[in-house]
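# Just a sequence and a predicted model for now, questions to come.
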Amino acid sequence: TLMGKAWAMWLSCDLPPNYWDEFILTSCYLSNHVLVKSLPGLNPFEAWHGFKPNLCHLHEIGSCAFVLI
């Protein structure tokens, strides 16, 4: 479930609980971009759009980031 994935992400990093909504949004996004049993060899994104998603923009939650001004 989304709650279970979000809970696992929150436990794996040291972020405060006020980021809970971001964990839920991230778990939903990832659920739509990974393989599922009901679509053998496809993910929901690929089934809907007809091409594989580009996932090179994903980073580990809690990783260090810098703002460029």
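Now that the structure is in, tell me what you want to look at.
# For the rest of this, base every contact and every neighbour count on C-alpha atoms.
Fine.
# For the residue nearest to the spatial centre of the chain, give its distance to residue 55.
Per CA atoms, centre = their mean, the C-alpha nearest to the average position across the chain is that of residue 30, at 3.2 Å. Distance from residue 30 to residue 55, counting by CA to CA, to the nearest Å: 10 Å.
# rewinding a little: quick check: buried residues in the host helix or strand of the residue nearest to the centre of the chain?
Using DSSP states H and E, residue 30 sits in helix 20-31. For helix 20-31, burial by neighbour count (16 or more other CA atoms under 10 Å) applies to 20, 23-24, 26-28, 31.
# so where's this protein uncertain?
By pLDDT under 70, the chain contains no weakly predicted segment.
# ranges for the helices of it?
Using DSSP state H, the helices assigned to the chain run over residues 2-12, 20-31, 44-49.
# Between these, which one is closest to residue 69.
Nearest to residue 69, of all the helices of the chain, is helix 20-31, at 23.9 Å by CA to CA.
# Which elements pack onto that closest one?
If contacts are counted by 3 or more CA pairs under 8 Å, 6 or more residues apart in numbering; DSSP states H and E, helix 20-31 sits against helix 2-12.
# next one: the helix it packs on to chain centre, how far?
Relative to the mean C-alpha coordinate of its chain, helix 2-12 is positioned 10 Å out (CA atoms, centre = their mean, to the nearest Å).
# can you give me the angle it makes with helix 20-31?
110 degrees (axes from the mean of the first three to the mean of the last three CA atoms, to 10 degrees).
# Give me the contacts around helix 2-12.
With CA atoms under 8 Å, 6 or more residues apart in numbering as the test, helix 2-12 has contacts from 17, 20, 23-24, 26-28, 61.
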